[in-house]
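Trainee: dropping the sequence and predicted coords here.
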Amino acid sequence: MKHWEIEHAGELIRIEWNNAARFNLQTPVGGRWVDYHCFTCYGIDSDQEALEHAFEVLGVVDTSTALADANGEYCARMGHDM
């Protein structure tokens, strides 16, 4: 697993990638990382390409609603195929 911690729309977000096709977008809750969005993307050949795909998805996901759900101890796991 690889991960990147970034700031997006004023929120701290961690992008987790399994070095294959599966991604988790996470937010910190109570000292641990909690998934708020998951997606799959096939055919990724490098870390850079993985990060680029994750940034594309971040542009589509409504982080304000998703993060509010995650911070309320509720985590909706949604699939997103690209």
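Mentor: It's in. For clarity, every value in this text was computed on a predicted model and none was experimentally measured.

Trainee: who's in contact with stretch 14-24?
Mentor: By Cβ atoms under 8 Å, 6 or more residues apart in numbering, the residues outside stretch 14-24 that reach it are 1-6, 25-28, 33, 35, 37-42, 44, 50-51, 53-54, 57-58. Any C-beta I mention is one placed from the backbone N, CA and C, and that applies to glycine too.

Trainee: buried only: go through the residues you listed for me.
Mentor: The neighbour-count criterion (16 or more other Cβ atoms under 10 Å) marks 25-27, 33, 35, 37-39, 41, 44, 50-51, 53-54, 57-58 among the contacts of stretch 14-24 as buried.

Trainee: so which of the contacts of stretch 14-24 are in strands?
Mentor: 2-6, 25-28, 33, 35, 37-40 (DSSP state E).

Trainee: of all the residues you listed, which two lie farthest apart?
Mentor: Largest separation among the ones in strands among the contacts of stretch 14-24 by Cβ to Cβ: P28 and T40, giving 23.6 Å.

Trainee: so what touches the longest helix seen in the chain?
Mentor: When the chain is parsed with DSSP state H, its longest helix is helix 47-60. Applying Cβ under 8 Å, 6+ apart, the contact partners of helix 47-60 are 2, 4, 8, 13, 15, 17, 23, 25, 37, 39, 41, 44, 80, 82.

Trainee: determine which two of the buried ones among the contacts of stretch 14-24 are furthest apart.
Mentor: Farthest-apart pair in the buried ones among the contacts of stretch 14-24 is T27 and I44; separation 22.9 Å (Cβ to Cβ).

Trainee: got the contacts of helix 47-60 as JSON lines, with pLDDT columns?
Mentor: Formatted as JSON lines, the contacts of helix 47-60 follow (pLDDT from 0 to 100):
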{"residue": "K2", "pLDDT": "93"}
{"residue": "W4", "pLDDT": "93"}
{"residue": "H8", "pLDDT": "85"}
{"residue": "I13", "pLDDT": "92"}
{"residue": "I15", "pLDDT": "95"}
{"residue": "W17", "pLDDT": "95"}
{"residue": "F23", "pLDDT": "95"}
{"residue": "L25", "pLDDT": "94"}
{"residue": "H37", "pLDDT": "91"}
{"residue": "F39", "pLDDT": "93"}
{"residue": "C41", "pLDDT": "92"}
{"residue": "I44", "pLDDT": "93"}
{"residue": "H80", "pLDDT": "38"}
{"residue": "M82", "pLDDT": "34"}
